[in-house]
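*Asks:* My questions are about this predicted structure, shown below with the sequence.
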2 protein chains.
Amino acid sequence: MEQFVLASASPRRRELLLQIGLPFSVIPSQVEEVFENGKSPEELSILLAKKKAQAVVSTLPENFWVLGVDTFIWHKDQFIGKPKDREEARRMLKAFSGSTHKVISGLALVHKRNRWITDYSCTMVTFRDLTEKELEWYLDTEEWAGVAGAYRIQEKAACFINQIDGSFSNVMGLPIHTFYDMLRRSNYPFP
Amino acid sequence: MEQFVLASASPRRRELLLQIGLPFSVIPSQVEEVFENGKSPEELSILLAKKKAQAVVSTLPENFWVLGVDTFIWHKDQFIGKPKDREEARRMLKAFSGSTHKVISGLALVHKRNRWITDYSCTMVTFRDLTEKELEWYLDTEEWAGVAGAYRIQEKAACFINQIDGSFSNVMGLPIHTFYDMLRRSNYPFP
């Protein structure tokens, strides 16, 4: 009997998996996100996702499948992670104002402890110009805390986003279509 | 004191408005959706949204602002509304399989009973090829009931959608960014 494990503590990822009706449990991995230079954002996202899945699968029996995911933002040749504080959130959002950035999620699915499928998803997200008043209003909501790029597309930041090209769920932290495709390619019994 | 009213019974639209934190109440309008020929999809979406807002605002005092919204799908030169039954849902989803369709929402905001702002939003949605098994699985979920085009992008249909270009909330039934922009243009006190 196959068992599915999400190796992430993110409530948004949990919500997205619940949405498609796949039975799963959650075992967060404790891997530190290190943004190494010399790798493309896509390679790095997969590498981090593999590390997360590896840390969890090594502790489990063979019938467990584990999904590791890593999401970050790539903007003006820089990795953007989670803001440390309100000041850093302000800087990130100011940088996004009136421009387009890329959201990347790497996915790594491992089963029988050593069979890997990996993939990634990219979405381009365009913010319109933010006024100072809007920026402060958004910072006051505290939605920026604990998320890459300091905004949550599924909540109040939707007011500021003109356009996305790609997957919406990717921007929430788990690209559902890419993930579902990986399940199919690996013959996981779903649906 | 301004009061905001959503002239729609849709739980998805309510959810999207809640998400941005705007205080509002709901008064559904009883306007029938008639897909008239000789109009562009964009014109028609605005016309239907205006009818919905008009039906509600005429019953209210002057300090009420009313938003009417109409969302439908345009595919292969045809209007696609809500499916009547499972058979029609199957036909719609088969038609979307492996192709791109357009989702259009018209918005009409009225205040002081006769000052109008209107706008619309279009999103291109691409489905990958669906297998017969996937189609039946999806029909079994009953997510197709009561929604234009017989799918809900924010639930299990996310598995089948490769790509969107435009607004995600538009596909859920209320394009948040377009709506927020209308509020700003009309100097509504939000945020």
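*Replies:* Sure, I can see it.

*Asks:* Pairing partners for the worst-scoring helix or strand of chain A on mean pLDDT, with directions?
*Replies:* Of all helical and strand segments in chain A, the minimum by mean pLDDT, DSSP states H and E falls on strand A:78-80, at a mean of 91. Partner strands for strand A:78-80, per DSSP bridges, with pairing direction: strand A:64-75 (antiparallel).

*Asks:* Which residues outside the very next helix or strand once past the least confident helix or strand of chain A are in contact with it?
*Replies:* Beyond strand A:78-80 on the C-terminal side, the first helix or strand identified by DSSP states H and E is helix A:86-96. With contacts defined as CB atoms under 8 Å, 6 or more residues apart in numbering or on different chains, helix A:86-96 is touched by A:75-76, A:80, A:83, A:125, A:127, A:130, A:135, A:138-139, A:144-145, A:149-151. C-betas here are computed from N, CA, C, even on glycine.

*Asks:* Model confidence for A:E36, exactly?
*Replies:* Reading off the confidence values, A:E36 has pLDDT 72.

*Asks:* Widest-spaced pair of the contacts of helix A:86-96?
*Replies:* Using CB to CB, the two most remote members of the contacts of helix A:86-96 are A:K76 and A:A145, lying 23.1 Å apart.

*Asks:* Who has more neighbours out of those two?
*Replies:* A side-by-side neighbour count of A:K76 and A:A145, using other CB atoms under 10 Å in any protein chain shown, places A:A145 first with 14 against 8.

*Asks:* before we move on, the earlier item: list just the nearest of the contacts of helix A:86-96 to B:S29.
*Replies:* Of all the contacts of helix A:86-96, B:S29 sits closest to A:Y138, with 32.0 Å by CB to CB.

*Asks:* Could you confirm that closest one falls within a helix?
*Replies:* Yes. The assignment for A:Y138 by DSSP: H, G, I helix; E, B strand; the rest coil puts it in a helix.

*Asks:* count of neighbours near it?
*Replies:* 23.

*Asks:* mind listing what's buried in the strand or helix carrying A:W116?
*Replies:* Using DSSP H and E, A:W116 sits in strand A:115-127. Residues of strand A:115-127 classed as buried by neighbour count (16 or more other CB atoms under 10 Å in any protein chain shown): A:117-123, A:125-127.

*Asks:* and those residues near chain B, which?
*Replies:* When the buried residues of strand A:115-127 are checked against chain B using CB under 8 Å from any CB of the partner chain, none falls in range.

*Asks:* JSON lines for the residues you listed, including pLDDT and distance to B:N162?
*Replies:* Output for the buried residues of strand A:115-127, formatted as JSON lines (pLDDT from 0 to 100; distance: CB to CB, whole Å):
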{"residue": "A:I117", "pLDDT": "97", "distance to B:N162": "18"}
{"residue": "A:T118", "pLDDT": "98", "distance to B:N162": "19"}
{"residue": "A:D119", "pLDDT": "98", "distance to B:N162": "13"}
{"residue": "A:Y120", "pLDDT": "98", "distance to B:N162": "14"}
{"residue": "A:S121", "pLDDT": "98", "distance to B:N162": "10"}
{"residue": "A:C122", "pLDDT": "97", "distance to B:N162": "13"}
{"residue": "A:T123", "pLDDT": "97", "distance to B:N162": "12"}
{"residue": "A:V125", "pLDDT": "97", "distance to B:N162": "17"}
{"residue": "A:T126", "pLDDT": "97", "distance to B:N162": "19"}
{"residue": "A:F127", "pLDDT": "97", "distance to B:N162": "24"}
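
*Asks:* between these, which is nearest B:H101?
*Replies:* Proximity of these to B:H101 (CB to CB) peaks at A:T123, which lies at 19.5 Å.

*Asks:* In space, what's closest to that closest one - neighbours in sequence excluded?
*Replies:* In space, and not counting its chain neighbours, A:T123 is closest to A:G166: 3.2 Å by CB to CB, 6 or more residues apart in numbering or on different chains.

*Asks:* Likewise for A:E143?
*Replies:* The shortest distance from A:E143 to any non-neighbouring residue, by CB to CB, 6+ apart, is to A:R152 (4.9 Å).

*Asks:* what comes into contact with the strand holding A:W116?
*Replies:* Residues from elsewhere that reach strand A:115-127, judged by CB under 8 Å, 6+ apart: A:42, A:45-46, A:49-50, A:93, A:96-110, A:153, A:160-168, A:170-171, A:175, A:177-178, A:181-182, A:185-186.

*Asks:* got it, and stretch A:22-40?
*Replies:* Stretch A:22-40 has contacts (CB under 8 Å, 6+ apart) with A:3-9, A:14, A:17, A:44, A:47-48, A:51-53, A:55-56, A:59-60, A:66, A:68, A:70, A:72, A:79, A:81, A:183, A:190.

*Asks:* Show me what counts as buried in that stretch.
*Replies:* Buried residues in stretch A:22-40, counting neighbours by 16+ other CB under 10 Å, are found at A:22, A:27, A:29, A:31.

*Asks:* Quick one: list the elements packing against the biggest helix by length in chain A.
*Replies:* Taking DSSP state H as the criterion, chain A has its longest helix at helix A:41-57. Under the contact criterion of 3 or more CB pairs under 8 Å, 6 or more residues apart in numbering or on different chains; DSSP states H and E, helix A:41-57 touches strand A:64-75, strand A:100-111, strand A:115-127.

*Asks:* Just send those strands back as a markdown table, with distance to A:N37 too.
*Replies:* Below are the helices and strands packed on helix A:41-57 laid out as a markdown table (distance: least, CB to CB, whole Å):
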| stretch | distance to A:N37 |
| --- | --- |
| strand A:64-75 | 13 |
| strand A:100-111 | 16 |
| strand A:115-127 | 19 |
